[in-house]
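Chemist: dropping the sequence and predicted coords here.
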Amino acid sequence: MAEAKVLDGRSLVRRRAGLRLWLSAGWLTLLCIVALLAPWISPKDPLAQDLFLGRLPPFWVQGAEPGYWLGTDSLGRDVLSRIIHGARVALTVALVAGAITCVIGATLGLLAGFLRGWVDMVISRLIDIWMAFPPVLFSILLIAVLGPGLISIIIAIVVIDWTRFARVVRAEAMAQGAMDYVASARVAGRGRLGTMVREILPNVLPTIVVLLTLEMGIAVIVEAILSFVNLSISTDDPTWGGMIAEGRTSVHQAWWVLVFPLVTLFLTVLAFSQLGEGLKDRFDPVLR
Amino acid sequence: MQVLRLLFTRLATTAITLAGVAVIVFFVIRVVPGNPIAMMLPPGATEDDIARLSALYGLDKPLLTQFGIWVAGVIQGDFGTSITTRQPVLDLVLGRLPATLELSIMALIMAMILGGAAALTGTRFRGGRTEGAIDVANGMALSVPDFLWGLVLILLFGVLMPVFHISGRVTPSLELPFTTNFYLFESLIRLRFDLWADIVAHMFMPALALAIPLAAIIGQLLKQSLKETVNLDYVTLARTKGYGETRVILREALRNAALPTLTLVGVQFTFLIGGTVIIERLFSYEGLGNMAIDAVINRDLPLIQGIVILFAVIFTGVNLIVDLLYTVLNPRLRHG
Amino acid sequence: MSFLSIRNLSVRLKKGPPLLRRVSLDVAAGEVRGLVGESGAGKSMIGKAVLGILPPSIEVTEGEILLDGVDLLRLPLAERRKRIGAMAALIPQDPLTALNPSHRIGPQITDRLVDILGWTRPKADARARELLAEVQIPDPDRVLRSYPHELSGGMRQRILIASAFAAEPRLIVADEPTTALDVTVQKQILKLIAGMQARHGTALLFVTHDLGVVSKVCQKLSVLYAGMVVEDTSVTDFFAAPRHAYSAALLAATPKYTDPLAGLQPVPDAVIAAVQAEVAAFDKGVAHG
């Protein structure tokens, strides 16, 4: 009896592990579609202000105005439309910043871990220095230098987060480099760079994919944080972080301005991270 | 002997790291567009006024000379003068440091309690539903960063059930008898429990927001390492001595399982301190991070430099302490 | 009435094959019983079952383990642990892993005396010193303050033996206590255990794969194959004339101390086949009955 219970509990966890992969992927796909179709599916103009329609509650609350499903903010802008358009910013940052960070960080990590010697020393020292910066402060500083805007955000994320890839990939490449198959590839006459790209990279690739997924979630958060401290793109443009910043100030008067973008952001970050964890489990059955 | 040698090499690499941070921050912020001097003068100031003030702050000299002057100052403990408040940077920064330290340490303690409890409960009831539930909760807590937990907490305990304060460090109308800026600590020493309760009610949510992700990491790592340890021979032997399972886990397994977790917690604690920047902003908590963001917005170059350097010193210091602690706690390394 | 009495004990891997097949054996007070068999025969499993430390992946499917007349398997976990802790002790196989690396030696011997048996600290400390002297450890005070990694393997096994006898248990399970040690140390440790057992009058369940050891230490003997007791006899009878074909073959495969290589023979395939058939017949009987 007790034993049956134990097995039940375990299989429940395992089933949940498969489920979370699909739920995460589903949510992110939905978000992508919404972002792509934003101009056509958003019910209102996300920038249109109407001070007479300020702080309308969502549709099920007394006093709601039809057409403004999730209510409006203090300037009378439609919350749902701004969330939909905010998804464009968030996903652009996630994909572009994630990809560039990944390529640069993984390359440096691979070089350091495989070539060792002075290359490794320089890169490791750089990683140490980077780790001594508080990342949020660093990104705010960079935005101050670069000026607000989408491209600045992407550059800031790349500059700060390359170490996430470099650290892990370096360690992995070092571990792989010590293995016999690498030595035999070298004996078989393959050059150093050839060995790195043809032998090491494919074995490190699953790790890189997992890190990339996690990084995209982090990029979404960084964009939100920068919008929150009012350093992202211009104040009018709809971003989740900007909406949250506004909602935070008026949380006692109009909770919906904070809650809806927050829920969206929360689910998106959770989805990226659960997708990464789920992929990790798939790639590495031993971990389970 | 070993501790000393470790201390020496670690101090050397720490010095290199700090020098790197100093160089990067100095030159990066010099690229900031917008003349900070022009920003602090009232509109209608002449070119002449700007030039005079620039000279006062040394901003008219070549970059390398400025760097030399700054480094020379820093070595003597002079971090320059804040452009916005015209007070010495060191005084400003040290004035805010206690607030951030108290917040970080409170968060660390919360994380260790929550994470430790999760790991121990999960290990005690391993293989069952309880462990599964703890794993799921850990996964959630780990997936979402402190910033979002902060917002969630504001909604839960600031709006839905308003039990804690959502902004500030202490209720402004209260009379503060403190001589240091360690309010939490000093209120305890002075036995002013009314003040202490007020400060805790302000700190609770930002500290918890910072603690949640770290608690999840501690919970996960410690549970993993406990589950390996509880099957070792000496733990099994203790079971034959008549002890209950809880006591066996606490006394025989915990200490050895905690060691590998400790080093990782060190690195994670620096991430937590880094997180205070945005969390302090979110909760309008008057600490270093909040001041840092203001300094960036106001282009207060000397203040930015000072704060970043201080953060870097804290980060590397924490890592150093953890390494030494690891050596001291592990008897095999100590005598080896 | 025997002090330890195992009746029809069967255990298996959860949802897996059986590892013990209705094992019955008795250890009278003050008696030494050897448990021999090849690796995987389940001899260690019996010791673990008696002490309540079977791995969680293994379950008991039937049987009783009576310790001083009380069935341990019927007791709730906490009570079972207490009873075992008060009456029995383990001398583990590998002294290198059986001491907690982060505690000093002293508390590892004395803690149970204070915590479980309610002794005072000074009394327990005195007892520990006395025991270390008895297992011939020079400078007991220094050793009690040491950490395990500061001591040699033989030293640590002596400490574990002292620790096992500390609470004057009435039964000790020795789980291949010499296997992990250097050959030179093995003999001393064996002598030590036999001497301690005789002086303290403790019942001993001695798990080993070495018949030579059995002939020196034990009075009774159970031979195991594939989790089944194939022979349960006194040691003198066994060495004079083993009754079971497998026991005889095992004896023939054991080197004599006088002439290690003389007449050494592997267990014949026919004997293995016969005993395997016996196991199969047993499993079939269980399935039908």
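Modeler: Alright, I've got the coordinates. These numbers come from a predicted model, not from an experiment.
Chemist: can you count the residues close to residue 207?
Modeler: Picked chain A for this. 20 (other CB atoms under 10 Å in any protein chain shown). In short, each C-beta sits where N, CA and C put it, glycine included.
Chemist: if you could check chain B rather than the one you did, that'd help
Modeler: Neighbour tally, B:Ala207, other CB under 10 Å: 26.
Chemist: Three-state assignment for it, please.
Modeler: Using DSSP: H, G, I helix; E, B strand; the rest coil, the structure places B:Ala207 in helix.
Chemist: B:Tyr243 too?
Modeler: coil.
Chemist: please report phi then psi for it.
Modeler: phi -80, psi 150 (degrees, to the nearest 10).
Chemist: just the pLDDT at it, thanks.
Modeler: At B:Tyr243, the predicted lDDT confidence score is 89.
Chemist: and it, how far from chain A?
Modeler: 22 Å (CB to the nearest CB, to the nearest Å).
Chemist: repeat that for C:Lys14.
Modeler: 6 Å.
Chemist: quick check: phi and psi at that residue.
Modeler: phi -50, psi 120.
Chemist: distance-wise, check it relative to B:Glu245.
Modeler: C:Lys14 sits 19 Å away from B:Glu245, going by CB to CB, to the nearest Å.
Chemist: enumerate the residues of the stretch 151-289 of chain C near chain B.
Modeler: For the stretch 151-289 of chain C, the residues in contact with chain B (CB under 8 Å from any CB of the partner chain) are C:Leu160.
Chemist: can I assume A:His252 sits in a strand?
Modeler: No. Under three-state DSSP, A:His252 sits outside any strand and is assigned coil.
Chemist: next, count neighbours for it.
Modeler: 10.
Chemist: A:Arg82 too?
Modeler: Residues near A:Arg82, counting by other CB under 10 Å, number 28.
Chemist: between C:Lys14 and B:Glu245, who's got more neighbours?
Modeler: A count of neighbours by other CB under 10 Å puts B:Glu245 above the other of C:Lys14 and B:Glu245, at 15 against 11.
Chemist: doesn't C:Leu77 make contact with that one?
Modeler: Yes. Using CB atoms under 8 Å, B:Glu245 makes contact with C:Leu77 at a distance of 7.1 Å.
Chemist: distance of A:Ala38 from chain B?
Modeler: 23 Å.
Chemist: residue contacts, whichever residue of the stretch 101-250 of chain B sits closest to chain C?
Modeler: Proximity of the stretch 101-250 of chain B to chain C (CB to the nearest CB) peaks at B:Gly242, 1.7 Å away. Neighbouring residues of B:Gly242 by CB atoms under 8 Å, 6 or more residues apart in numbering or on different chains: C:Arg81, C:Lys82, C:Arg83, C:Ile84, C:Gly85, C:Ala86, C:Arg112, C:Asp115, C:Ile116.
Chemist: can you give me the strands in chain B?
Modeler: Assigned by DSSP state E, chain B shows no strands.
Chemist: any low-confidence regions in chain B?
Modeler: Where chain B drops to pLDDT under 70, the residues are B:1-2, B:32-36, B:38-43, B:330-336.
Chemist: repeat that for 50
Modeler: Flagging of chain B using pLDDT under 50 yields the residue ranges B:335-336.
Chemist: for the spatially most central residue of it, which non-adjacent residue is closest in space?
Modeler: The centroid of chain B falls nearest to B:Ile273 when counting by CA atoms, centre = their mean (2.0 Å). Using CB to CB, 6 or more residues apart in numbering or on different chains and skipping the chain neighbours, the partner closest in space to B:Ile273 is B:Ser104 (5.0 Å).
Chemist: residues in the stretch 1-150 of chain C within reach of chain B, list them.
Modeler: So the stretch 1-150 of chain C meets chain B at C:51-53, C:55-56, C:77-78, C:81-86, C:88-90, C:92-94, C:97-102, C:111-112, C:115-116, C:147, C:149-150 (CB under 8 Å from any CB).
Chemist: quick check: ChimeraX command selecting the buried ones in the residues you listed.
Modeler: In ChimeraX, this line selects whichever of the residues of the stretch 1-150 of chain C next to chain B come out buried by 16 or more other CB atoms under 10 Å in any protein chain shown:
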select /C:51,52,53,81,82,83,84,85,86,88,89,90,92,93,94,97,98,99,100,101,102,111,112,115,116,147,150
